[in-house]
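Asks: quick one: sequence plus predicted model below, questions after.
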Amino acid sequence: MKFAVLRFPGSNCDQDCVLALNALPGASADFVWHKDTSLAGFDAVIVPGGFSYGDYLRCGAIAQFSPIMQSVKNFAAAGGTVLGICNGFQILCESGLLPGALVRNKGLHFVCKHQHLRVESTNSRFTNSATKGQVLNIPIAHGEGCYFADDATLAKLNANDQILVRYCDATGAVTDAANPNGSRENIAGICNETRNVFGLMPHPERACDPALGSTDGLVILQSLLTAEPAKAS
Amino acid sequence: MSAITPEIISKHGITPDEYERIKSILGREPNLTELGVFSVMWSEHCSYKNSKLELKKFPVTGPRVLVKAGEENAGVIDIGDGWAIAFKMESHNHPSAIEPFQGAATGVGGIIRDIFTMGARPVFSMNSLRFGDIRGDSQQSATNRRLFAGVVNGIAHYGNCIGIPTIGGEVYFDDSYSGNPLVNVFCLGILKHEQIARGAAKGVGNPVFYVGAETGRDGLAGAAFASRELTEESKEDRPAVQVGDPFREKLLLEACLELLASGCVAGIQDMGAAGLTCSTCETASRGGTGVEIDVNLVPKRETGMTPYEILLSESQERMLVIVKKGEEDKVRAIFEKWDLPYAHVGVVNDDGMMRVREGDEIAVEIPARQLADEAPLYSREAAPKKAPEPLDLASVPEADPLTALETLLAHPSIASKQWVWQQYDHMVRLGATVLPGSDAAVFIVREANKILAASTDCNAIYCKQDPREGGRIAVAEAARNIACTGATPLAVTDNLNFGNPHKPENFLQLREAIEGLAEACRAFDTPVTGGNVSLYNESPAGAIDPTPTVGMVGLVEKPEHITTQAFKAAGDIILLIGEPGSELGASHYLLAVHGRKAGAPPQLDYAKELAVQNAVRDLIRKGLVKSAHDCSEGGLAVNLAESCLSGNLGAKTEIPGTRADVVLFNESQSRIVITFAPRHASEILDLLKSRSVPHTRLGEVVKDPTLTIEATGKTFAWPMEKLRTPFEKTIPSLMSWEK
């Protein structure tokens, strides 16, 4: 399976994503420059973490206008697999590929730490290798990861089973104390209605090596490899 | 242009003697722009004129040294298999005192540029910070909290955005830093031997390119500002503080590494302190050439800037690149790819001059080598040496050990710094295998398949009481921290923070500390690869405690050697390697519990220290050691408490000695506590006995989460929560937003 890892000028988790994906049997990853427009030959797109264009405005606000993002929209509309991690999640929300927005953490500080997530749905190509209710330990690192959506949107996300992971404690309890950034309903990651676009604040690529304290990120990356091949654009 | 008056000369910090020297170099009077150029290049920050004669005492050579201290922007050390590391530490103390967020942020930006200028990809950062006390309701402590929060936020802002993990460091709080915080930032980069880039203007006729952020009026003469004492009026110097743009630096970093890989570059130099001035004259001096530029061609963000302002601006995120003639188009394409402003501003010539034109007019014409390398050097007057008064133990009432340990753990210098490092992205680049909070940070450098350990250390109380011993111990402790991770020390960078060198007692401290550091670097076989000197660290209340911070890097041979301080399993034996010790002078116990900085610091014995470190490292490499933790501030009691807390396990121990506070809290050197499975006891004890390394079995790790220490026939016990609350809650509660 061939992954396109987008490279905005301020991306800084692009190399980590390529490294983690290339270590997986059956996966290969290449960079795609933000000024490019073609995703031909790729089976999936990763929008990596970082500070896309510095993000001095709103995170991802400028990235949505980059040449490659029009191609990503087309790719997604054709059913292609798109995974946005951290800044990538922010970019997907700004681009309208996912509902809601990510705002400043409730504590106002940037937070980098290991974080427990509960898998809320396995009905997606991103979580099909997990079991429902499984607790994953995957690091977060963000200043603006507080997920916000209005009540109607939240109701729809819940009704459609679009919330794939929530912040929880080590036992899997979804509590306020386990919410690192004030996200509504402890939301850590959501997919779109057609379930081919997924964005999450935690970094699965940072949890693929026992030397880094967790390999739970592989649950998400390997789900992608076992999923049905996506249509290429 | 206005005539040069004695007032103008003195305003530039140039002495009458220095002015005479300038005239003799030029063979005429300088104009105002030239005077400005000399004033920044001959400031302490750029020329080290007050410290260079002392810095020559450092050992700078060794079999692993590829680029020596002072030769380039950062030293380079061989780590095997064709790979090398470039690393350095630098201060941004004065800017951070005035504007903590930008001061610290641009400090990070500057040190990162120093590293990628060498052709290295920066892979991690650390920092060593000092603030005044953040406890209490006084105006001063509120200011200290503001500075602390601002500096941490600034470091996080810059490092997180550019994607270089900040993986460790140290933070201390002491009132000697009130009004003059210390912000020392460290960065390390990785490169292949053949990728080492030089900051030399080689090749007559080669074009000189400017790339990066446009030049503005920010940071005008920051180097000169940093070479003065801070006063009440320093706030008016706020324009001397620069504004950082980590996104621009990220572009510059990627573009420069791509540029260097393209083979189009003859020389490259970042514009840090003294900006365009320093980069032009230094590259010319190193290249044995001249450089001529036209300020009209320099990209600017403001109109009406004079040559004086353009040359002295310290706008951030700028580089000077000497391009191989004929490769200009390739270079332009790379800058355009990364959307960076750039301009072809000049040329390398052969007349040895730094010549700056403004169109057809010549604004500056100075022999580059004399400007860059022949600043006057001073050996200042040092006060006579005084041995520190030994501590009279009778003057120290014995505190209740139970509350004393809690007090120590609640001292902001000892308490957990999680509040700090959670704000730093320490996990990007997939390398932080030992997270912040253990003795030294350990980082896997993926591209080179190497594992590095790094630590920054300085106990300024020791240095205040005895700068020479404090300097020796700073190196020893860094090496000890490195040894505890299973690594071998490679080399050292240092950041020498002192007061005004014109005051004899301050100059004595500088000289003593340097001699102590130099001696210890020889003993541990860790050459100094460079660093930074920051003098004039004084606020109206006086000079800071002398703080010669050491940043040491070590190499871990194999992943299975990586060891942390946390206790691992109940039943493991706890062994002290080294002697139980009895030195209470200059200890944190005296400071935190008795409010005193008194007595002589502990005495370091190199032979003992090396024996302990080598034994621990060898035991780790034999796969026998489960945890290793060095004894430093707060002595054995704090050491054991930290290992219990990080392992979430208890300990049942007994320590020999005759006075409980001395037994628990003395800070004698050359001590490491290790744990191991009982089945390895004989092998470990045999090795220690055969080498005559002193050791004491303290007890064992227990499941019951209580730290129990028997001393002087009494039993002291701390349930884990009694330790956890002061250790973990102190800083978050002091820094909570509600406050």
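Replies: Right, received. Where do you want to start? Numbering: from 1, shown residues only, chains lettered A, B, ... in the order given.

Asks: thought residue A:168 was touching residue A:176?
Replies: No: under the criterion of CB atoms under 8 Å, residue A:168 is not in contact with residue A:176, lying 11.2 Å apart. Any C-beta I mention is one placed from the backbone N, CA and C, and that applies to glycine too.

Asks: please report how far the closest residue to residue B:41 other than its chain neighbours lies from chain A.
Replies: With CB to CB, 6 or more residues apart in numbering or on different chains as the measure, residue B:371 is the residue that lies nearest to residue B:41, at 5.3 Å, once sequence neighbours are left out. When CB to the nearest CB, to the nearest Å is applied, the distance between residue B:371 and chain A equals 36 Å.

Asks: helix or strand next in line after the helix or strand harbouring residue B:22, which one?
Replies: Using DSSP states H and E, the element containing residue B:22 is helix B:16-26. Next helix or strand after helix B:16-26 toward the C-terminus (DSSP H and E): helix B:32-41.

Asks: show me how far that following helix is from its chain's centre.
Replies: Between the centre of helix B:32-41 and the centre of its host chain there is 29 Å, according to CA atoms, centre = their mean, to the nearest Å.

Asks: which strands and helices lie in contact with it?
Replies: Judged by 3 or more CB pairs under 8 Å, 6 or more residues apart in numbering or on different chains; DSSP states H and E, helix B:32-41 is in contact with helix B:6-11, helix B:16-26, helix B:222-225, helix B:275-287, helix B:307-312, strand B:361-367, helix B:368-373.

Asks: would you mark the buried spots in the next helix-or-strand element following the shortest one?
Replies: For helix B:222-225, the succeeding helix or strand toward the C-terminus, using DSSP H and E, is helix B:246-262. Counting neighbours by 16 or more other CB atoms under 10 Å in any protein chain shown, one finds that the buried residues in helix B:246-262 are B:246-257, B:259-260.

Asks: which other residues reach the helix holding residue B:22?
Replies: Applying CB atoms under 8 Å, 6 or more residues apart in numbering or on different chains, the contact partners of helix B:16-26 are B:6, B:9, B:14, B:29-30, B:34-35, B:38, B:42, B:365-367, B:370-371, B:374, B:376.

Asks: so who does residue B:305 touch?
Replies: Residue B:305 sits next to B:215-217, B:313 when contact means CB under 8 Å, 6+ apart.

Asks: so which pair among the residues you listed is furthest apart in space?
Replies: The distance between the two most remote of the contacts of residue B:305 (CB to CB) is 8.5 Å, for B:215 and B:217.

Asks: overlap of the contact sets of these two?
Replies: Residues touching both residue B:215 and residue B:217 (CB under 8 Å, 6+ apart): B:305, B:313.

Asks: which one's more surrounded, the two?
Replies: Neighbour comparison, residue B:215 and residue B:217: the larger count goes to residue B:215, with 26 against 17 (by other CB atoms under 10 Å in any protein chain shown).

Asks: near chain B, which residues of chain A?
Replies: A:9-13, A:15-16, A:19-20, A:49-51, A:53-56, A:107-113, A:139, A:141, A:143, A:203, A:205-206, A:209, A:211-213 (CB under 8 Å from any CB of the partner chain).

Asks: okay, and which of these map to helices?
Replies: Among the residues of chain A next to chain B, the members falling in helices (DSSP state H) are A:15-16, A:19-20.

Asks: if we can go back for a sec, quick one: buried ones out of the contacts of helix B:16-26?
Replies: Buried positions within the contacts of helix B:16-26, assessed by neighbour count (16+ other CB under 10 Å), are B:9, B:14, B:30, B:34-35, B:38, B:42, B:365-367, B:370-371.

Asks: rebuild the residues you listed as CSV, extending it with pLDDT.
Replies: Output for the buried ones among the contacts of helix B:16-26, formatted as CSV (pLDDT from 0 to 100):
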residue, pLDDT
B:9, 92
B:14, 93
B:30, 96
B:34, 96
B:35, 94
B:38, 95
B:42, 94
B:365, 97
B:366, 97
B:367, 97
B:370, 94
B:371, 95
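
Asks: what sits closest to the residue in the stretch 201-350 of chain B that chain A sits nearest to if chain neighbours are left out?
Replies: Proximity of the stretch 201-350 of chain B to chain A (CB to the nearest CB) peaks at residue B:247, 2.9 Å away. In space, not counting the residues next to it along the chain, residue B:247 is nearest to residue A:54; the distance is 2.9 Å by CB to CB, 6+ apart.

Asks: pull the number of nearby residues for the one you found.
Replies: Residue A:54 is surrounded by 19 other residues when neighbours are defined as other CB under 10 Å.

Asks: per-residue confidence for it?
Replies: Looking at residue A:54, its pLDDT reads 92.

Asks: how about it, what does it touch?
Replies: For residue A:54, the contacting residues are A:10, B:161, B:245-248, taking CB under 8 Å, 6+ apart as the criterion.

Asks: output the lowest mean pLDDT helix or strand found in chain A.
Replies: Counting by mean pLDDT, DSSP states H and E, chain A has its least confident helix or strand at helix A:217-226, which shows a mean of 95.

Asks: quick one: residues in contact with that helix.
Replies: Surrounding helix A:217-226, the residues in contact under the criterion CB under 8 Å, 6+ apart are A:1, A:20-21, A:24, A:26-27, A:44, A:81, A:83, A:119, A:124-130, A:134, A:136, A:138, A:203-208.
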